[in-house]
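> One predicted model, sequence on top.
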Amino acid sequence: MIIKIILTASMMACITLASAQGQHQTGNAMFFTSKPTAEERGMKLLEEQRNFNFPEKSIIANQKTKAKSASNFSARLDSLVSDAGIKLEWTFDEHGNNTFEKLSLGSPEESWTDQRQIDITYDEEDLPIERITMVWSISQLELQQDSRETFTYQEDGLMAETIEYDWYSDVWMPDTKYVFEYDEQDNLSEVVRFQWDAINEGFEEFGKEDYTYNETGGLLEFRISNRVANEWVNSAKETYTLDSDDNTVLAIISFWQVLSETWYPVYSDEYTYNSDGLEIEVVNFSWSAAVEDFTPDAKTVRVYNDSDKLLSEEFFFWSNQDSGWQPGYLDTFDYDEAGNRDVIVNYEWDENSQDYLPFDMFTGNFNNDYPVSDIMLPELLIVDGIDHMPLASSNYFYQSGEWVEETNEELYYTFFDVTSVKDVSGSPFAVYPNPFRESIRFNQPLQRFTLYDLQGRVVMQKQLTGAVEVNAGHLPAGIYVYQVESSNSVQTGKLVRE
């Protein structure tokens with residue numbers, strides 16, 4: 001099963017910037033503004049028809065990660081700006097931990113208004129222990145306290161407890177508490193949820209999750225119970241059949257019937273994998289009381305290349321009228337020479353032409369000199385398909401037989417060891433004169449120019465939009481490092497100011 005994170009520009013304006021508990025997730029997003037995948041678009045319609053969403057499992061950061069010193073990083077992401085009027089900013093500590101995040105709305109030409117801010121505190125083991133969120137108050141015209149989370153851990157780094165608070169009458173009021181238990185193999189075995197009782201000023205149990213595993217750690221069952229009259233009462237469960245590699249081949253969701261005290265099957269999913277263990281087909285079923293068996297609803301088919309890179313994802317609906325599969329949505333994926341997913345095209349099935357028609361495309365630009373492991377990045381950008389430094393992404397819609405650019409996003413970095421910045425061999429860019437006095441010129445139109453001092457600080461950054469010259473006469477004499485970017489290439493080098 002594949003967990004995905006898909007964020008759109010409009011969604012970013014109203015949801016938290018940080019993924020829950022720092023969990024790494026995978027997805028088909030081109031950086032952060034991609035629309036849902038073929039499977040997600042199809043499943044959204046299917047779930048609306050089913051009118052049911054199975055509760056999500058608790059996601060926790062249950063292991064310590066080895067800290068990296070600042071000297072191990074080549075660069076740090078500082079901000080991301082979208083011409084849709086969105087800016088994201090990040091701050092990291094010396095170990096690369098994301099300590100600050102901010103979302104603003106506006107434009108570079110006018111001004112930015114802060115909408116949401118998150119401050120994260122870590123312990124000496126680089127585990128997050130507190131997260132405080134502030135949101136924009138329309139009435140007060142400023143950021144105000146909104147929510148708070150605290151995290152405690154066992155000695156081995158496994159999360160022991162999480163408490164959520166709401167800001168109320170100038171104090172933090174407890175809301176929900178989660179207590180985590182583990183088995184001997186450190187698998188999450190139980191999560192008990194507590195709700196704050198303001199009258200008795202204490203937490204009371206109200207929900208529980210139980211996890212059962214096989215001897216090799218494969219998940220066999222996930223069960224949800226509710227606290228009723230001081231007893232745990234079954235609510236729902238999902239059971240799993242696994243293959244020899246502990247891949248899920250069958251998942252069945254059942255509801256507890258209180259009167260008959262039995263489990264009633266509702267939905268099931270069947271999974272198929274290739275020889276590399278990659279998921280190539282998922283078939284979704286619903287229980288039919290009429291035939292007392294599961295009947296097909298939908299399926300997703302994935303195709304990979306020889307390097308295990310996803311090439312396409314197609315979603316089908318089951319047609320009862322035709323007793324067969326009806327095409328619904330299709331995504332295709334392309335990659336650059338370094339394996340970054342740089343083009344995603346979304347298609348939708350057209351009944352009139354009996355063919356897929358394109359409607360969305362996403363393109364990405366990367367600096368392949370810097371792998372993501374050497375960059376301080378937020379969890380938002382640690383996803384499948386981003387293997388190297390992301391520089392920009394664009395979103396297009398299809399209209400009258402051609403692609404029309406809708407939004408563009410650019411990312412801004414601070415480089416640490418700028419004296420070792422690599423030049424791109426054979427690059428067509430010429431940056432001159434060198435040394436320079438008043439202006440710096442380029443032999444062709446470019447998109448962006450950034451200049452750093454030898455301490456890695458940004459001293460100039462210009463969106464060129466086709467310009468071939470920038471004024472830099474105000475800079476003091478010395479040696480600088482430049483970075484110029486076009487739509488598909490990046491070049492770095494040194495410049496001297498006389």
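It's in.

> Give me the helices and strands touching the helix or strand harbouring Glu313, please.
Using DSSP states H and E, Glu313 maps to strand 310-319. Packed against strand 310-319 by the contact rule (3 or more Cβ pairs under 8 Å, 6 or more residues apart in numbering; DSSP states H and E) you find helix 38-50, strand 293-304, strand 324-335. Heads up, the C-betas are built off the backbone N, CA and C, glycines and all.

> Mind listing what's buried along stretch 400-418?
Neighbour counts using 16 or more other Cβ atoms under 10 Å place 406-416, 418 of stretch 400-418 among the buried residues.

> nearest to Thr239, of these?
Nearest to Thr239 among these is Glu409, at 41.8 Å by Cβ to Cβ.

> Quick check: nearest residue in space to that closest one, chain neighbours excluded?
In space, and not counting its chain neighbours, Glu409 is closest to Ser82: 4.4 Å by Cβ to Cβ, 6 or more residues apart in numbering.

> still on that earlier bit, and the helices and strands packed on strand 310-319 as a markdown table, adding distance to Leu451, mean neighbour count and mean pLDDT?
Formatted as a markdown table, these follow (distance: least, Cβ to Cβ, whole Å; neighbours: other Cβ atoms under 10 Å; pLDDT from 0 to 100):
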| stretch | distance to Leu451 | mean neighbour count | mean pLDDT |
| --- | --- | --- | --- |
| helix 38-50 | 41 | 17 | 70 |
| strand 293-304 | 42 | 18 | 96 |
| strand 324-335 | 31 | 18 | 96 |
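
> For Ser373, which three-state class applies?
helix (DSSP: H, G, I helix; E, B strand; the rest coil).

> For it, give me the pLDDT.
pLDDT, Ser373: 86.

> ok, it - how many residues close by?
Applying other Cβ atoms under 10 Å, we find 13 residues neighbouring Ser373.

> Kindly provide the distance from Glu231 to Lys208.
11 Å (Cβ to Cβ, to the nearest Å).

> So if I had to pick from these two, which one is more boxed in?
Taking neighbours as other Cβ under 10 Å, Glu231 and Lys208 compare with Lys208 leading, 18 against 8.

> where do the helices sit along this structure?
If DSSP state H is used as the criterion, the helices of the chain fall at 9-12, 38-50.

> Under the pLDDT cut-off, which ranges of the stretch 301-450 of the chain? List them.
The stretch 301-450 of the chain contains residues with pLDDT under 70 at 417-428.

> Would you state the strands of it in chain order?
Under the criterion DSSP state E, counting those that start in this stretch, the stretch 301-450 of the chain contains strands at 310-319, 324-335, 341-350, 355-371, 375-376, 388-399, 402-415, 431-432, 439-442, 448-452.

> any idea which of those is most buried?
Counting by mean count of other Cβ atoms under 10 Å, strand 375-376 has the highest mean neighbour count of the strands of the stretch 301-450 of the chain, with a mean of 24.

> Tell me how far it lies from the chain's centre.
Put simply, strand 375-376 sits 16 Å off its chain's centre (Cα atoms, centre = their mean, to the nearest Å).

> Asp484 against Pro445, yeah?
Wrong residue type there; residue 484 is Val, not Asp. No: using Cβ atoms under 8 Å, Val484 is not in contact with Pro445, being 10.7 Å away.

> which of those two has more neighbours?
Neighbour totals were compared for Val484 and Pro445, and Val484 leads with 25 against 11 (other Cβ under 10 Å).

> Just list whatever residues bridge to that one.
As for beta bridges, Val484 partners with Phe449, Gln491 under DSSP bridges.

> do you know how far it is from Arg457?
Val484 is 18 Å from Arg457, by Cβ to Cβ.

> which residues of the stretch 1-150 of the chain score low on pLDDT?
1-35, 45-46, 48-71.

> can we see that at 80?
Residues of the stretch 1-150 of the chain meeting the criterion pLDDT under 80: 1-72, 108-110.

> I figured Ala392 was touching Asn365, is that so?
Yes: proximity of Ala392 to Asn365 meets the contact threshold set by Cβ under 8 Å, at 4.6 Å.

> list the residues that contact both of these two?
Glu485 (Cβ atoms under 8 Å, 6 or more residues apart in numbering).

> State the distance from the closest residue to Pro296 other than its chain neighbours to Gly328.
Distances taken as Cβ to Cβ, 6+ apart place Trp318 nearest to Pro296, at 4.2 Å, with adjacent residues excluded. Using Cβ to Cβ, we find Trp318 at a distance of 10 Å from Gly328.

> shared neighbours, those two?
Residues touching both Trp318 and Gly328 (Cβ under 8 Å, 6+ apart): Ala298.

> roughly how far apart are Val490 and Val266?
51 Å.

> what about these two, which has more around it?
For Val490 and Val266, the more surrounded residue by other Cβ under 10 Å is Val490, and the numbers stand at 22 against 18.

> Perfect, I'm done here.
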